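Colleague: Generate a structure from the sequence data that follows.
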Amino acid sequence: MDLGLLSYFYIGAAAFLVGFTKTSVGGVGILAVLLVALAVPGKASPGLLLPMLIAADIMAVIYYRRACQWHLLVRLLPMAMIGVVLGAVILWLLPEANFEHVIGWIILSMLGLDLGLSESVKRHARGWAVTFVTGIIAGASSMIANAAGPVFGVYLLQFGLRKSEFVGTRSWYFLLMNMAKVPFAVFLGIITPSSLSVNAMYLPVIVLGAILGRAFLKYINLAVFKGLIRVAVMISAIRLIFF
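Modeller: Now for the predicted structure:
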């Protein structure tokens, strides 16, 4: 994979954020998606990011393995798997040209969902219809752009979970869903030996991010931190779409 110096920097920053978000503050991962899309043009970007996400998911599951609320995952995962298949078909049909624009629009949509819904709505969006829609959207957006975090976060908020339960359930969900995406990514040619060699280079950075994320979670001002991340996400998405 032929990359410039700036691309390697973007991927390194993304790798750190992937590890950091999996063991601490959700929502940071969207910025990692954008950084990899800036570093690697076209459909190769979600393929490059996916193994990084899986590595970080494994570390998060190790940290929070006892906190998962399995009954919630049993409800959602079947719909999410349907969404993954749908997303794979869409990814296959999408043209390679200007794929970065697609990622930018998906990220802006996820950000708008996160910002547009009130906390009251997020906490009271219940029922099988919500589970069905959430699962399909989360699976498809994850397959196309690795961007299911906000949708799944909205789904989990309705259950009033403790922080450890929230992170543990989220960690298991994304590990299972990301593993399910691998065969499709290989078939589509977006995970290759070349991309895996780049992933291997950044594994220590992911580990560092995961360790620091867990260590510094209690010291982070979540409101300020998430506000800064949202601004960075918006700027990066707009850059992908218009520049």
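Colleague: Now L111: closest residue in space, sequence neighbours ignored.
Modeller: If the residues on either side of it in the chain are set aside, L111 comes closest to V233, at 5.7 Å by CB to CB, 6 or more residues apart in numbering. All C-beta spots, glycine's among them, are computed from the backbone N, C-alpha and C.
Colleague: gap between the one you found and V18?
Modeller: 14 Å (CB to CB, to the nearest Å).
Colleague: shouldn't the residue nearest to L111 be in contact with I106?
Modeller: No: in this structure, V233 is not within contact of I106 by CB atoms under 8 Å, at 11.6 Å.
Colleague: pLDDT score assigned to V121?
Modeller: Reading off the confidence values, V121 has pLDDT 50.
Colleague: show me what contacts I211?
Modeller: With contacts defined as CB atoms under 8 Å, 6 or more residues apart in numbering, the neighbours of I211 are G19, T23.
Colleague: Same question for S24.
Modeller: Here S24 is in contact with V167, G213, R214, F216, L217, I220 (CB under 8 Å, 6+ apart).
Colleague: so which helix or strand takes in the fourth one?
Modeller: It refers to F216. Using DSSP states H and E, F216 sits within helix 203-216.
Colleague: and whichever helix or strand comes after that helix, what's its mean pLDDT?
Modeller: Going down the chain from helix 203-216, the next helix or strand is helix 222-242, by DSSP H and E. Average pLDDT, helix 222-242: 74.
Colleague: now swap in stretch 175-187 and tell me
Modeller: Rounded mean pLDDT across stretch 175-187 is 94.
Colleague: what's around L240, how many residues?
Modeller: For L240, the tally of surrounding residues (other CB atoms under 10 Å) stands at 23.
Colleague: Alpha carbons only: can I get stretch 14-22 in CSV?
Modeller: Provided in CSV are the C-alpha atoms of stretch 14-22 (Å, rounded to 0.1, in the frame of the first residue of the first chain):
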residue,chain,number,x,y,z
ALA,A,14,-6.8,6.9,13.9
ALA,A,15,-5.2,3.8,15.5
PHE,A,16,-4.7,5.7,18.8
LEU,A,17,-8.3,7.0,18.8
VAL,A,18,-9.7,3.5,18.0
GLY,A,19,-8.0,2.0,21.0
PHE,A,20,-8.9,5.0,23.2
THR,A,21,-12.6,5.0,22.4
LYS,A,22,-13.1,1.3,22.8
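Colleague: What residues sit buried inside that stretch?
Modeller: In terms of neighbour count (16 or more other CB atoms under 10 Å), stretch 14-22 has its buried residues at A14, A15, F16, L17, V18, G19, F20, T21, K22.
Colleague: quick one: the nearest residue to A44 once chain neighbours are set aside from I144, how far?
Modeller: Leaving aside its sequence neighbours, A44 sits nearest to I190 (CB to CB, 6+ apart; 5.8 Å). Distance from I190 to I144, counting by CB to CB: 11 Å.
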